[in-house]
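Trainee: Pasting the sequence and the predicted coordinates here, then a few questions.
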Amino acid sequence: MSIAPKYTYVKLGNLKAGSVINVYGVVVFFKQPFKSRGTDFCSTLKIIDQSNQKIGCTIFCEKLEDHPKVFQNGDIVRMHRVKVQPCKSIMLVNTFGFSVVTFDGVVGTAVEPRTSSRSFHFDQDDRRMVEELRTWAASQAVLPTVTATVPLSAVQPKVYFDLTCQLLAKAPIDTTCTLLRVWDGTRCPHTLLKVIVEPHITEGQASFSKERENLIANVLVYDNHVEVARQLKPGVFLRIYNLRAIPGSTKVPGLTSSQSEEVDHLAFHLHGGTSYGRGIRVLPDNSPDVQELKRYSGRLKTNAPADLPFLGYGSVPDSADPHAVILVLVYSFVNNKLSLILPKAI
DNA sequence: GTTTAGGCTTGG
């Protein structure tokens, strides 16, 4: 019979350079795993505990599932076998036998370990640790609190925000850009940019009813996020971090040559890079945020798809606008580049 | 037995 290992945890204020230790902390900054220039994915975390010491952590693992499952600031992370590395200040880097478990940071919610390892140590002391850290974090006014993500109904132009949503469809635009068509069941008060692509390059439903279309945000993800987007299956629930709402207007020639119409819209871009934690994460269906989303989305009806035989890109003003003009800018691939071939107002 | 990165945006 084996004896259950007993782990001891070092407070972040007592780290000794060179030692290999176990720690608990509250996440105050994080980046989803991204491909390093070496062989591994790299996660970046900043954590804090009751000693009020903020410590940066860098995790290298080849497999994505071995990385910390952090969904938002305030999550609690437990790491085994990290090395205290002296750099500018001190930081933690994973070492041999590294393992990590994370927990929701909200006081009063279930203490459910998030991990993909089949066997991991978890006992009453761990439960107490998590509860103590939650309570402590909640009492710290300066910590980034567990903020809800912004629903589409509350998005303001020009902001960066985190969006919790369901992926309905996706389509490659070019090698550096992929379109993700998402919704969260709420209606954005701003006109959303419409991006329409050919049905045959779309994965997932190619088109939706007009009512549904008005609820769909077209998110353009670039560069390093294209590879992540490639793995996503329509239907999954996502959190997109540091998404940017870009206001724009499209100038389109009117029906008479002297007129032109300006139509405002809101576009969503996930720029390349990982600054400010930019990235995409799949959320498990049982997470509280996804449960909440399903309550909204469940109210909405699905209608039969319409026929969209062209490749287009344009803006549709809010249908509430009595002077609504539907603009269709038709683009096509010419020499592998997306080119405008036909602007027209209907 | 240890390369990778070492937060900090802005465009498409």
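Mentor: In hand now; what should we look at? Treat the numbers as computed from the prediction; the structure is a model and nothing was measured. Residues are numbered from 1 along each chain as shown, chains lettered A, B, ... in the order given.
Trainee: Find the centremost residue of chain A, please.
Mentor: residue A:240 (1.9 Å; Cα atoms, centre = their mean).
Trainee: Please name the bridge partners of it.
Mentor: residue A:163, residue A:280 (DSSP bridges).
Trainee: sec struct for the closest residue to DNA strand B within chain A, please.
Mentor: In chain A, the residue that lies nearest DNA strand B is residue A:38 (2.0 Å; Cβ to the nearest atom of the strand). C-beta: built from backbone N, CA, C; applies to glycine. What DSSP: H, G, I helix; E, B strand; the rest coil gives for residue A:38 is coil.
Trainee: right, is stretch A:280-293 up against DNA strand B?
Mentor: No - residues of stretch A:280-293 are not located near DNA strand B by Cβ under 7 Å from any atom of the strand, the shortest gap being 13.5 Å.
Trainee: Stretch A:9-29 now?
Mentor: Yes - using Cβ under 7 Å from any atom of the strand, stretch A:9-29 reaches DNA strand B at A:28-29.
Trainee: ok, the residue nearest to the centre of chain A to residue A:130 distance?
Mentor: 27 Å (Cβ to Cβ, to the nearest Å).
Trainee: circling back: do I have it right that the residue of chain A closest to DNA strand B meets residue A:60?
Mentor: Yes - between residue A:38 and residue A:60 a contact is recorded at 7.4 Å, counting by Cβ atoms under 8 Å.
Trainee: okay, the two: which has more neighbours?
Mentor: Applying other Cβ atoms under 10 Å to residue A:38 and residue A:60 shows that residue A:60 carries more neighbours, namely 18 against 9.
Trainee: and stretch A:69-85, how far from the chain's centre?
Mentor: 18 Å (Cα atoms, centre = their mean, to the nearest Å).
Trainee: Give me the buried positions along it.
Mentor: Neighbour counts using 16 or more other Cβ atoms under 10 Å place A:69-80, A:82-85 of stretch A:69-85 among the buried residues.
Trainee: Over to stretch A:173-191?
Mentor: Under the neighbour-count criterion of 16+ other Cβ under 10 Å, stretch A:173-191 has A:173, A:177-186, A:188, A:190-191 buried.
Trainee: ok, and of those, which contact DNA strand B?
Mentor: Subset of the buried residues of stretch A:173-191 in contact with DNA strand B: residue A:177, counting by Cβ under 7 Å from any atom of the strand.
Trainee: So which of the buried residues of stretch A:173-191 are in strands?
Mentor: Among the buried residues of stretch A:173-191, the members found in strands (DSSP state E) are A:173, A:177-183.
Trainee: hang on, the earlier thing: could the buried residues of stretch A:173-191 go into JSON lines alongside distance to residue A:156?
Mentor: Shown next, in JSON lines, are those (distance: Cβ to Cβ, whole Å):
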{"residue": "A:173", "distance to residue A:156": "25"}
{"residue": "A:177", "distance to residue A:156": "24"}
{"residue": "A:178", "distance to residue A:156": "25"}
{"residue": "A:179", "distance to residue A:156": "23"}
{"residue": "A:180", "distance to residue A:156": "21"}
{"residue": "A:181", "distance to residue A:156": "21"}
{"residue": "A:182", "distance to residue A:156": "18"}
{"residue": "A:183", "distance to residue A:156": "18"}
{"residue": "A:184", "distance to residue A:156": "16"}
{"residue": "A:185", "distance to residue A:156": "19"}
{"residue": "A:186", "distance to residue A:156": "14"}
{"residue": "A:188", "distance to residue A:156": "10"}
{"residue": "A:190", "distance to residue A:156": "8"}
{"residue": "A:191", "distance to residue A:156": "14"}
